[in-house]
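Sequence first, predicted coordinates after that:
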Amino acid sequence: MSSQFGAICDQTEFNTNVHTLSLTADMNVTEKLNVFAGALFNDATVDWQELSLTTPAIVTDPVVTNIYTFEGANVMQNYSDLHYQQVELNLGGTYQFTPALYVAANVGWQMFEDKQPYVYGDQDGTAYRGTLGVGYKF
Amino acid sequence: MHRNSKWLLALSLAALLAPAPLLAAEEGNLSGAVEVGAAGVAISDDAKRVNEYSVIRADQGVNAYGQAEISGVENGIAVDAQAEYLSNRDQQYNLGLDVKRIFRFDSSYQTFLHWLDHDQLNYINAAIPGGNTFPQNNPAAGAPTAVAGVGTFWNLGIPPNDNLDEALNPNNVPGFIGIGQTTGTWYAFNPAAGVAGAPATLNGESVTWQQLGRASVFAEDFVPGQDFMIKHREYKNRAELVIPQLPNLIFHAGYRVEQREGTEQSIGMSKCTSCHITGSSKEIDEETTDLTAGVTGKFGLLTFDYTYLDREFREHGADPTRLYDPALSPSPATTYTPTNGTFDNRLLYDYEDGLLRYDITPDSDKESHVLKAKVDLPRNVSVLGTYVKADVESRKTDEPGIFTLADDLLETTYDAYGMKAAAKLTKDLTVTVRGRLEEISNDDAVITFFPMGTSAQPNLGGGTLPASIDGVRESVISRDVMTLGTDAVYRLARYTTLRLGYEYQEIDREDEHFGTTESHEVTASIKARPIRNLTTRASYTYKNIDNPLQNTDAAGYIDPATGLPYTNDPTFNVIGSGPLYGTAFYDQRQIDLSNLPEDVHEGKASATWSPRADMAVTLNLRAKFEENELDRSTWEQTTFVPGVSLWYAPTQKINLTFAYNYLGQSTESKFCQGWYDG
């Protein structure tokens, strides 16, 4: 190493904010028809702030001042910027033809939006799900 | 006969989803349902978040599904079974059987698929380019001077000067940088092909040189298009038997098999001359088998339970292998060939060793004995004692010729003794005292390393390396833990209860570097119903931890002579073979870092208001403040979690729920970046 070396430090802040909202409804619309619905919304953010490294005034070594960049290291805090949003909707129901025989149906929609893709790439995705069946109780 | 056939039918239904008409004629105590139909999934873009744990199907498509349930009691025999088949990757079956309370059997099987993330490895690229880029677009360096058979150099002048600052930048790095010892002139130098280093003299003065360039960190994903996923299967069984002649005893036994099959991403790294990170895939074929046996007994005031567990974990998948990069000096003169051994004296293995195993999951075995006993004494006094003894063996893998292990079977033992006594001292006061002693002992790993090179690097004094080097990796798991606590619950009024608690814990680690952690925790909570429709709870906890597990001397740098966070000692060579990183820099770090608190304040409050029989509102709040005043740094974390939920049933046929939760967490910590040239 040269005659000049040391370390610079900064007090930094890491913030997480998560909002989750859910709604459900379950209704006996008629004696034969039961319907349920659900909605879920989730928003999550993470960020790293206040990293501000600067070249120490003591540094006069041209190799350090020119080839290494202290200020350039501050960009790493942007790597931790994450932002996800997720929405999930479900609707389903059963219809009783008789007290024993019924038909059941469910549909669902789920959306994940990756607003700050990073390590795992863009994880945006949408899924549709559905079931349709007939049942018998005894 | 008719009843027997009914039970056989019930079991068949659970397992085989028998069609409904077969059951239509059944009657009596048997009830259930069967449902069949079609299920489908459509996915656009990435499936790993919207279908991380497969629901219905692992991928898009449509298939038939079926589900059934059945339960009933007949002649003292009860059965309860459920079956759900959504696709070949998503299935669940449960069976419960009770034969006249003499024999009980519970069994379940579940399978699902878990999509795993794929690290793109496309963000790790940092490099100081080789010397051949220095002349490009760099007029500030001035005209080069070529010396035949030696190389090319540039006179950058005496600092400070603008020309030098402009010529040296991260995109224009020479192979060597040097300082003339007579004039103080700075030189940039690129050696000629085949030349190993820089000349001792230049322009008639001796020059101290330092090598630059070619250092890099970069990553490659060898399987960029591969999906990683694990198929989980778990089969659980538990049986209980009461022998009529021994009515005070219940014998129980269990059998569980958990399997994980698929592929995971496997990340490895070569060192020298570059940090070369690579991503590949790894076959997973894990099986965990648990066998349990024990007995529960009740004799008057005494109740006890003993359980023995034998667990076997095996990874049947092949160990991943990789080729490591050749150990090369970053010198611009280095010839990049697989057999070049310029840095062999710094590493244990490289390209010449061929395919080597890495990212290995060790097989392990565990045995445990758990004994619990409780005595219910008169006047509402009870005493509970527990004893746990466990032994875990983990089979490690060595690499003969590179490193060997004195013992490839590392053992961890755990012994715990616990006692809890509770007494209702008065009509309104209940007091509990508890204590627990735990002893964890883990073998140290004794490793023998076999260096590649025969000579140590010059900065370490050179000389001949021994054929092998022994090392001991002390376990940080070995420790004794003592926990003592007491709680008092006092009924202040008819609907108001106050609880006060205290707990002391001491963790005495065998590794003296991490020492002993002591903690004291006090808790006060109150539960009250101030008015008829309002229920409230509130609690406060304070915990003080002395010497939590932390990384001492983890970062920063303090000059031992000046106390300043840098060194500017002219007795060190400005350029050249100056002080070593290890002794001059890393050994002088004095900033402690941790993500564990010394002081914790936590408050919780909740209130449920039920103004009407068809409506309830709950508000809750949790706030936590944690702090650690470390040597030369501070760590703080504030957590705030409010929430509200509402249930409303406007008619008997409609149920509505609403819930909102927020999590806010802020963490402050010191970040340090070392800086040095060389």
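Nice, I can see it.

Quick one: neighbours of residue 49, just the number.
In the absence of a named chain, chain A is used. 14 (other Cβ atoms under 10 Å in any protein chain shown). Heads up, the C-betas are built off the backbone N, CA and C, glycines and all.

Can you look at chain B instead?
A count of nearby residues for B:Arg49, using other Cβ under 10 Å, gives 21.

Where does pLDDT dip in the stretch 201-350 of chain B?
B:213-214, B:332-333 (pLDDT under 70).

Around chain A, pick out the residues from it.
Within the stretch 201-350 of chain B, the positions near chain A by Cβ under 8 Å from any Cβ of the partner chain are B:210, B:212.

near chain B, anything from the worst-scoring helix or strand of chain A on mean pLDDT?
None of the helices or strands of chain A scores lower by mean pLDDT, DSSP states H and E than helix A:62-67, at a mean of 78. Yes: judged by Cβ under 8 Å from any Cβ, helix A:62-67 and chain B are in contact via A:62-67.

how many other residues sit next to the residue in the stretch 301-450 of chain B that chain A sits nearest to?
Closest contact between the stretch 301-450 of chain B and chain A, by Cβ to the nearest Cβ, is at B:Pro330 (14.2 Å). Around B:Pro330 there are 19 other residues, counting by other Cβ under 10 Å.

from memory it sits against B:Thr273, does it?
Yes: between B:Pro330 and B:Thr273 there is a contact under Cβ atoms under 8 Å: 4.1 Å.

and B:Ala200, how many neighbours?
Counted with other Cβ under 10 Å, the neighbours of B:Ala200 add up to 9.

In chain A, where's the longest strand?
For chain A, the strand that runs over the most residues, judged by DSSP state E, is strand A:4-28.

Run me through the strand neighbours of it, direction for each.
Partners of strand A:4-28 in the sheet, by DSSP bridges, are strand A:33-49 (antiparallel), strand B:566-568 (antiparallel), strand B:654-676 (antiparallel).

For burial, what's the neighbour tally of the nearest residue to B:Asp559 once chain neighbours are set aside?
Excluding its sequence neighbours, the residue lying closest to B:Asp559 (Cβ to Cβ, 6 or more residues apart in numbering or on different chains) is B:Thr567, at 4.7 Å. Other residues lying near B:Thr567 total 24 when counted by other Cβ under 10 Å.

What residues does B:Thr567 make contact with?
Shown in contact with B:Thr567 (Cβ atoms under 8 Å, 6 or more residues apart in numbering or on different chains): A:3-6, B:557, B:559, B:584.

which of those sit farthest apart?
Largest separation among those by Cβ to Cβ: A:Ser3 and B:Tyr557, giving 14.0 Å.

who's sitting farthest from the centroid in chain B?
B:Gly204 (59.5 Å; Cα atoms, centre = their mean).

mind listing what that residue touches?
B:Gly204 sits in contact with B:Thr182, where contact means Cβ under 8 Å, 6+ apart.

how far away is it from B:Gly603?
As judged by Cβ to Cβ, to the nearest Å, B:Gly204 and B:Gly603 stand 76 Å apart.

next one: B:Lys374
For B:Lys374, the distance to B:Gly603 equals 34 Å [Cβ to Cβ].

The residue nearest to B:Asp559 bridge partners, please.
A:Phe5.

OK, now which residue of chain A is nearest to chain B?
A:Gly133 (2.3 Å).

Count the neighbours of that residue for me.
Close neighbours of A:Gly133, defined as other Cβ under 10 Å, add up to 20.

Give me the phi and psi for it.
phi -150, psi 170 (degrees, to the nearest 10).

count of neighbours near the closest residue to chain A within the stretch 501-650 of chain B?
With Cβ to the nearest Cβ as the measure, B:Tyr566 is the residue of the stretch 501-650 of chain B nearest to chain A, at 2.7 Å. When neighbours are counted by other Cβ under 10 Å, B:Tyr566 registers 19.

now B:His513
B:His513 has 8 neighbours, counted by other Cβ under 10 Å.

Give the residue spans of the stretch 351-500 of chain B that score low on pLDDT.
Looking at the stretch 351-500 of chain B by pLDDT under 70, you get B:456-462.

which residue ranges form the helices in the stretch 401-550 of chain B?
Using DSSP state H, counting those that start in this stretch, the stretch 401-550 of chain B contains no helices.

quick one, strands of it?
B:403-405, B:409-424, B:429-442, B:445-449, B:469-473, B:479-493, B:496-509, B:516-531, B:534-546 (DSSP state E, counting those that start in this stretch).
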